[in-house]
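Asker: Quick check, what structure comes out for this input:
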Amino acid sequence: MKRENTMGVKRANRVADLIMAEVSDILLKQVRDPRVQLVTITRVKLTDDLRLAKVFFVEMGKETSNPQAKTGLESATGFFKRELGKRLQLRYVPDLMFMVDESFEYGSRIDRLLAEIRREEEKKVE
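Answerer: A predicted model of the protein is given here:
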């Protein structure tokens, strides 16, 4: 029984990677909405039953994500699902839920703090 669960998780991870690649490609080549021009898909978390995909994204070059970007992605959800249905060999295309990836914002905050500490230490040395 444990083996089946492990196999399901691996499949969910493989399908999540496929969804991430395809959504990124669709976003780059087919979506013309100016609200999502700087959006990059960072990861996809898929439920074990392959019914719901949480698609995490960031806006490159910005400290925080613009709410307009999430609105733009959510308005294109139907288009993404149709395109995924054409590209992936799945019986059921999962529902997509777009979420801002907070980890990038957190990481950039840490980078800023470390840079500030370095500047202060350099001033003390001089």
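
Asker: pLDDT wise, what is the residue nearest to residue 75 when sequence neighbours are not counted at?
Answerer: Leaving out its chain neighbours, the residue that sits closest to residue 75 by C-beta to C-beta, 6 or more residues apart in numbering is residue 33, at 7.3 Å. For glycine as for every other residue, the C-beta is placed from the backbone atoms N, C-alpha and C. Residue 33 is assigned 91 on the pLDDT scale.

Asker: Now the phi/psi pair for residue 33, please.
Answerer: phi -70, psi 120 (degrees, to the nearest 10).

Asker: Now find how far off-centre stretch 87-98 is within its chain.
Answerer: 15 Å (C-alpha atoms, centre = their mean, to the nearest Å).

Asker: For that stretch, which outside residues touch it?
Answerer: Contact partners of stretch 87-98, identified using C-beta atoms under 8 Å, 6 or more residues apart in numbering, comprise 15, 18-19, 22-23, 46-47, 50-55, 57, 70, 73-74, 77, 80-81, 84-85.

Asker: mind listing what's buried in that stretch?
Answerer: Residues 87, 93, 94, 96, 98 are the ones in stretch 87-98 that count as buried (16 or more other C-beta atoms under 10 Å).

Asker: Filter the contacts of stretch 87-98 down to the buried ones and hand me the PyMOL line.
Answerer: Provided next is the PyMOL selection string for whichever of those are buried by 16+ other C-beta under 10 Å:
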select buried, resi 15+18+19+22+23+46+50+53+54+55+57+70+73+80+84
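
Asker: Just the ones of the contacts of stretch 87-98 in strands?
Answerer: The strands, defined by DSSP state E, take in 46, 52, 53, 54, 55, 57 from those.
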